[in-house]
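Peer 1: Here is a sequence with its predicted model. Questions after.
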Amino acid sequence: MEVRKTKLEGVLLMKPPTIFEDFRGTYVETFNQQLYAECGVTCSFVQDDISVSTKGVLRGIHGDQQTWKLISCLYGKFYMVVVNWDKNSPQFGQWEAFDLSDQNRLQVLVPPHFGNGHLVLSEKAIFHYKQTSYYDRAGQFTLLWNDPQLNIWWPNKNPIVSRRDEGKENV
């Protein structure tokens, strides 16, 4: 299992412990509590979610003050951005981007106080995340994907976004 620190304090880039390919296809172990704990990831995950999107869809930059997320791409490819939104951090407002795909099998561990969003680069992608708290829309923050103060570089300047991610709706 490979674990690398990123430029954002607390955000980890990880390669799962088991990736096996042969003539039948691929087997990936996406989480093993014991092995992840040995690498310092001791989060107690309580919910798993997936979203399926098509090329050009940009989902969120959403986060909250309590949830750890372990994010991976089960199918396809997406460009993922993580933003430090901890007002007490010297890295507040800084962001980093990652390419996650079913080919590289990388995972990103996102701490509380950080937002994340992703843009689908393949024809279709399946975004998977484990989280340490149950979904609570009212407790989340949303950052605009094109906020000029954050100045995030996206590979698509006209993505397909929800009303919430356009800043036009609270839902």
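Peer 2: Received, thanks.

Peer 1: just the strands in this structure please.
Peer 2: Secondary structure of the chain (DSSP state E): strands at 2-5, 12-15, 18-22, 25-29, 47-54, 58-63, 69-75, 77-84, 95-101, 107-110, 114-120, 124-131, 141-142.

Peer 1: got the contact list for the residue nearest the centre of the chain?
Peer 2: Central residue of the chain (Cα atoms, centre = their mean): residue 71, 4.6 Å from the mean position. Residues near residue 71 by Cβ atoms under 8 Å, 6 or more residues apart in numbering: 80, 100, 107, 108, 109, 110, 116, 127, 128, 129. Using the backbone N, CA and C atoms, a C-beta is placed for each residue, glycine as well.

Peer 1: cool, residue 32 as well?
Peer 2: Residue 32 neighbours (Cβ under 8 Å, 6+ apart): 17, 18.

Peer 1: Just the pLDDT for it.
Peer 2: Predicted confidence (pLDDT) for residue 32: 96.

Peer 1: Give the residue farthest from the middle of this protein.
Peer 2: Quick read of the chain (Cα atoms, centre = their mean): farthest out is residue 23, 30.3 Å.

Peer 1: Can you pull the phi and psi angles for that one?
Peer 2: phi -60, psi -20 (degrees, to the nearest 10).

Peer 1: So which bits of stretch 24-31 are buried?
Peer 2: In terms of neighbour count (16 or more other Cβ atoms under 10 Å), stretch 24-31 has its buried residues at residue 30.
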